[in-house]
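S.K.: my questions concern the predicted model and sequence given below.
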Amino acid sequence: MPLVLMAAGLGACANPRADAAISAQNSLVGLTKARLLSCAGAPAAAMASSPNEEVLTYESRHVTGYSSGPSFGFGVFGASGSVGYGLGFPVFGGTRVEDVDNCRATFTLRDGVVTRVVYGGSDDRTTRRLEQCYQIVENCLPSLATTP
C-alpha cells in the first residue's frame with residue numbers, strides 16, 4: 001500500500017513540459033537540419049566535427065530579477081475596498097538578477113539529419129532544467145494542448 005501511495009504522489013507531480021522535453025530526445029531523431037532550423041531557430045553555436053557530421057548547440061535561460069532588500073509600502077483604498085492605490089520602494093539597496101534555470105541542448109547531425117539530442121545545464125533541479133529545455137524544442141513538437 002505505501003508503494004501505491006508513493007507512485008500516486010509522484011504521478012501527481014508530473015510535469016508535461018519536462019516529460020515532452022525528455023520525449024523529444026527520441027522523437028527529434030530523424031529531423032532534417034532544415035526543419036530543425038525552421039522550428040528551433042538559429043543555434044547559439046555550430047561546429048563541424050567531420051565532413052558529414054556537425055553539432056548544433058541551443059541555449060535557453062530563465063532570468064529572474066527581484067528587490068534585494070526589504071521594502072516599505074502604503075496604500076489608499078476606496079470606500080468599497082475594491083479599488084486600491086499603492087506605492088512601494090526599497091528601503092535598502094536595489095535589485096538583484098539571477099540566472100536561475102538554464103538548458104543547453106546539443107543536436108548531433110549526420111548527413112543533415114538529427115541523430116542525437118543531449119541536454120545539459122548548470123541547474124541541478126532536473127525538472128526545472130527540462131522545463132527550460134522544452135523552450136528550445138517546443139516548436140518542433142506536436143502541441144501539448146489537450147482536448148477536454
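M.R.: Sure, I can see it. All values reported here derive from a predicted model rather than from experimental measurement.

S.K.: end to end, how far does stretch 26-37 reach?
M.R.: Using C-alpha to C-alpha, to the nearest Å, the span of stretch 26-37 from its first residue to its last is 18 Å.

S.K.: who is the closest residue in space to residue 49 that isn't next to it in sequence paired with across the strands?
M.R.: By the measure of C-beta to C-beta, 6 or more residues apart in numbering, the closest residue to residue 49 outside its immediate chain neighbours is residue 55, 5.8 Å from it. The way it works is simple: take the backbone N, C-alpha and C, and place the C-beta from them, glycine included. Beta-bridge partners recorded for residue 55 (DSSP bridges): residue 47, residue 108.

S.K.: can you pull out the strands in the protein?
M.R.: 45-50, 53-67, 71-77, 84-90, 95-110, 113-120 (DSSP state E).

S.K.: which residues touch residue 41?
M.R.: Taking C-beta atoms under 8 Å, 6 or more residues apart in numbering as the contact definition, residue 41 lies against residue 58.

S.K.: got the phi and psi for it?
M.R.: phi 90, psi -170 (degrees, to the nearest 10).
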